[in-house]
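In: What follows is a predicted protein model with its sequence.
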Amino acid sequence: MLQFRKIRISLRGKVKKDEKLIFANGIVKINRFSKLNLIELFIFNNLVYRRININGKKIRHFFKFSSVPDEKNKTNSNEYNIDSIEKKLNSYENKVCSKIIEELSDIDFDDAYIYKHHIGEIYLYLNLLDEYIKANGSKKPVVVINEKRYIDFYLLYGKDRIYRYIDLVPSELDSIGSSDMVEYEGHRIFNPTPDRFENFRKLISSGEDVNFYSYIKSSLHIKNDKIKFKNPEFSNSLVKSANEKLSNINLNKDNFVFLFPEAITATQLRPIFWKTIAERIKQKNIDILINLTKEDFHYAGIKTTNLSLAEAIYVSSRAKCIIALISGLVVSLSTLKIPKILLYTQQTPTIGYRMSSEEMLKTYSIKNITPIDYQLIREIDADKLSEEDLIETVLELVK
């Protein structure tokens, strides 16, 4: 199993070429320095992971991997030459950049844009992409997709842009992951909003009045407040596939409510809540479909089918309304002209901090996305109500 230990070095200066990194009892020290603010070394078995923060408040990071310095680089029993480490770190980044450029060698492009985040963020990026490309002055951009499951989703909003799927493992992405732009062999490789969770958390904890949409928009240096979000374009093959799946479960495609109980960031509600909602809506002669990423016996008896991400968005566009725990997928439904009942709960502590349901609603409300129709959205702080009251509140909104 991968062994991990973390070492931090706080600096107030620039490490000179003759400086040494000293490893002693798990603590690293630098002898002399002048400009850099922070270096962090993360030791993974045979890998060194370095992070550097530069320029005070305007923090810029560089994530790189390399082999841990070997005995040849020691000047004594516990010192390693920083130049040797620097060469190894740069070597790994260059190797990854070379792989990306090689995979794109048959395309006439100047800049590559990598999207490696979660679905809600990717949705925002795709709608902001034209402005971002314009701001960077790219003439022949190409979008790099690193997960196959996102290709169909990308085509809903970005089929007018050239794209290429490249299989990049997490360590490769991380090697360039905290610099928003890397130059290599005459090309620029853009990685939007590096360290987004960490930087966003710092803004929230410092009391900044910020939401996730405004944060991403400002991180991309986009000032246009009149951006029009794209409506998804569903291909004939996607529509046919989705409709066949709905027919196979005998769903009333003209009169159904679509439930989304799953989320990564928000704490999930009890299955009994969703089952009660489903049963009560059925009493109104409205069919029910529930979106599940895996089989779950808790929801036995409620119609479900194996929909791709793009298919789920198409099916949502046909629903009478959707009832959903807030998630990235739900964010991608923002422009659909259907009623949306969205539930906000306490954040799961997945990235080192935890927001209350009230903070989640303020921070992740899709009403923060300015170009959408607010009249179709009802957002509820689910943690402020008892389960029984929440059920009644939701059902009153289903017409």
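Out: Right, received. Where do you want to start? Numbers count the residues shown, from 1 in each chain.

In: Kindly state the domain boundaries assigned to this protein.
Out: 4-82, 104-219, 236-397 (automatic domain parsing).

In: Show me the strands in the stretch 101-250 of the chain, by range?
Out: 111-115, 142-145, 163-165, 181-184, 187-190 (DSSP state E, counting those that start in this stretch).

In: Now mean pLDDT and mean neighbour count too, for those, in a markdown table please.
Out: Quick note: C-beta positions are derived from backbone N, CA and C, even for glycine. A markdown table is the format used below for these (pLDDT from 0 to 100; neighbours: other Cβ atoms under 10 Å):
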| stretch | mean pLDDT | mean neighbour count |
| --- | --- | --- |
| strand 111-115 | 89 | 22 |
| strand 142-145 | 92 | 20 |
| strand 163-165 | 92 | 16 |
| strand 181-184 | 83 | 16 |
| strand 187-190 | 90 | 19 |
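
In: The ones you listed: which one's closest to Thr370?
Out: For the strands of the stretch 101-250 of the chain, the distance to Thr370 is smallest for strand 111-115, at 21.7 Å, taking Cβ to Cβ.

In: List of residues touching the closest one?
Out: With contact meaning Cβ atoms under 8 Å, 6 or more residues apart in numbering, strand 111-115 is reached by 100-101, 104, 122, 125-126, 129, 132-133, 136, 138, 140-146, 150, 168, 173, 176, 187-192.

In: Show the buried residues in the residues you listed.
Out: Neighbour-count burial (16 or more other Cβ atoms under 10 Å) is assigned, among the contacts of strand 111-115, to 100-101, 104, 122, 125-126, 129, 132-133, 136, 138, 141-146, 150, 168, 176, 187-192.

In: circling back: okay if I get the domains of the chain as CSV plus distance to Lys228?
Out: Shown next, in CSV, are these (distance: least, Cβ to Cβ, whole Å):
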stretch, distance to Lys228
domain 4-82, 30
domain 104-219, 8
domain 236-397, 6
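
In: Compare these and say which comes out lowest on pLDDT.
Out: Looking at these, the lowest mean pLDDT belongs to domain 4-82 (a mean of 35).

In: The nearest residue to Phe109 once chain neighbours are set aside and Ala112, how far apart?
Out: Closest residue to Phe109 apart from its sequence neighbours, by Cβ to Cβ, 6 or more residues apart in numbering: Val142 at 4.3 Å. Separation of Val142 from Ala112 (Cβ to Cβ, to the nearest Å): 5 Å.

In: between these two, what contacts are shared?
Out: Leu104.

In: What are the neighbouring residues in contact with the spatially closest residue to Glu103 that is not a sequence neighbour?
Out: Take Glu103 and drop its neighbours on the chain: the residue closest to it by Cβ to Cβ, 6+ apart is Ile166, 4.8 Å away. Neighbour list for Ile166: 99-100, 103-104, 144-146 [criterion: Cβ under 8 Å, 6+ apart].
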